[in-house]
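*Asks:* Sequence first, predicted coordinates after that:
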Amino acid sequence: MKKITLIGFGSIGKKYLKTSAKTDGILINKIIKKREIKLKRRNLSFFKDFNKIGKTSDAFIVASPVESHFEYAKKIIRKKKPFIIEKPLVANIEELNHLRDLCKNYNKPVFVNHTDLYNPAFAAFLHELKSIGRYQKIDISFGKNQKRIMRKNFLSLPSFDWLPHPIALAIKLAGSPKKIYIIKNKIFIKNKHISQNCLIRLHCKNKIVNIKFSNSYLNPKRRIEIQGSKAQLIYDGYKKHNLTRKNNKSFPKKIYYAKIEPLKNLLKLFYFSIKHKSNKNDLKFAYRVMKVLFKIDNDMKKKLGIHL
């Protein structure tokens with residue numbers, strides 16, 4: 001059993017605690033949260049200060065607000081412990097470059113939670129791509145009705161939190177983009193809530209990727225569509241059956257794959273990496289994702305003429 005310290009206990013931190021209870025080999029036994037928490041559970045201790053947790057943790061999960069990610073990551077690296085860190089990886093380009101330098105020779109497992117990459121449906125999607133023929137365009141739609149509240153200590157566009165997911169998918173499918181275009185970006189602010197609708201076009205080596213994002217969709221979207229010369233392939237992260245293949249002259253066909261919750265799959269892989277002393281490290285890939293995210297975020301702010 002690997003004892004894990006969870007940093008942050010917002011909605012995402014609570015998901016980690018709930019999912020860990022259903023995952024063999026993982027025990028979250030300590031939680032770091034600045035505010036006091038009233039939660040009675042056996043074998044669970046709460047701390048406000050990272051420096052007071054002691055030396056009994058086998059690994060860490062960083063699920064705190066993004067502006068604290070870098071400082072916590074530095075402390076964990078000093079302890080030479082494995083860790084999972086939520087996206088976005090860090091808050092600014094300086095932290096990104098510093099973290100890359102710190103981890104150049106880091107030989108402990110590091111996972112960045114780009115959720116869909118841990119969904120078995122996406123692994124099946126990659127496998128099925130070989131059978132749909134030639135294609136040049138990839139359409140990705142992401143978002144749900146979730147108004148972003150403006151925070152005083154870290155102000156950003158809603159896309160900054162959401163776009164790491166579709167950018168990670170785009171890079172997996174088409175490689176890092178050569179050019180990035182902001183086709184549309186509309187912002188609405190009401191009662192300190194920010195709504196955003198945008199369309200981003202990534203020109204990769206041999207493919208064009210269109211990313212649509214909104215945090216005001218009536219129905220949540222986590223969808224990839226690719227029309228090949230032989231068939232169409234659709235991945236939908238919010239549907240019960242996530243993967244569909246449609247031949248050009250036939251009805252849609254469901255693609256079957258191992259059903260496991262992406263977060264549980266991430267925790268299982270994390271456990272096996274610790275157990276077998278793997279040096280799996282997502283940070284190089286996450287660095288590529290964040291470079292694209294910062295470019296998009298900076299371009300959006302310049303076009304809007306605002307400084308967040």
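*Replies:* Thanks, I have the structure now.
*Asks:* pLDDT weak spots in the stretch 101-250 of the chain?
*Replies:* 148-155, 248-250 (pLDDT under 70).
*Asks:* what about the most centrally placed residue in the chain, distance to residue 303?
*Replies:* The centroid of the chain falls nearest to residue 114 when counting by C-alpha atoms, centre = their mean (2.8 Å). Going from residue 114 to residue 303 by C-beta to C-beta, to the nearest Å gives 26 Å. All C-beta atoms are positioned from the backbone trio N, CA, C, and that covers glycine.
*Asks:* What helix or strand is the residue nearest to the residue nearest to the centre of the chain when sequence neighbours are not counted located in?
*Replies:* With sequence-adjacent residues excluded and distances taken as C-beta to C-beta, 6 or more residues apart in numbering, residue 114 is closest to residue 168, at 3.8 Å. Applying DSSP states H and E as the criterion places residue 168 in helix 164-174.
*Asks:* so what does the helix or strand following that helix touch, helix or strand wise?
*Replies:* Where DSSP H and E defines the elements, the next helix or strand beyond helix 164-174 is strand 179-190. Counting contacts by 3 or more C-beta pairs under 8 Å, 6 or more residues apart in numbering; DSSP states H and E, strand 179-190 is packed against strand 193-203, helix 283-304.
*Asks:* winner for burial among these?
*Replies:* strand 193-203 (a mean of 19; mean count of other C-beta atoms under 10 Å).
*Asks:* Now the element after it, going C-ward?
*Replies:* Taking DSSP H and E, what comes next after strand 193-203 is strand 208-214.
*Asks:* contacting residues around that next one?
*Replies:* 136-143, 158-159, 162-163, 166-167, 170, 173-174, 177, 195-202, 221 (C-beta atoms under 8 Å, 6 or more residues apart in numbering).
*Asks:* and the helix or strand that comes right after that strand, what other elements does it pack with?
*Replies:* Downstream of strand 208-214, the next assigned helix or strand under DSSP H and E is strand 221-227. For strand 221-227, the packing partners by 3+ C-beta pairs under 8 Å, 6+ apart come out as strand 137-143, helix 164-174, strand 231-236.
*Asks:* which neighbours does strand 221-227 have in its sheet, and in what orientation?
*Replies:* strand 137-143 (antiparallel), strand 231-236 (antiparallel) (DSSP bridges).
*Asks:* Tabulate those (CSV), appending mean neighbour count and distance to residue 184.
*Replies:* CSV is the format used below for the strands paired with strand 221-227 (neighbours: other C-beta atoms under 10 Å; distance: least, C-beta to C-beta, whole Å):
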stretch, mean neighbour count, distance to residue 184
strand 137-143, 20, 13
strand 231-236, 20, 23
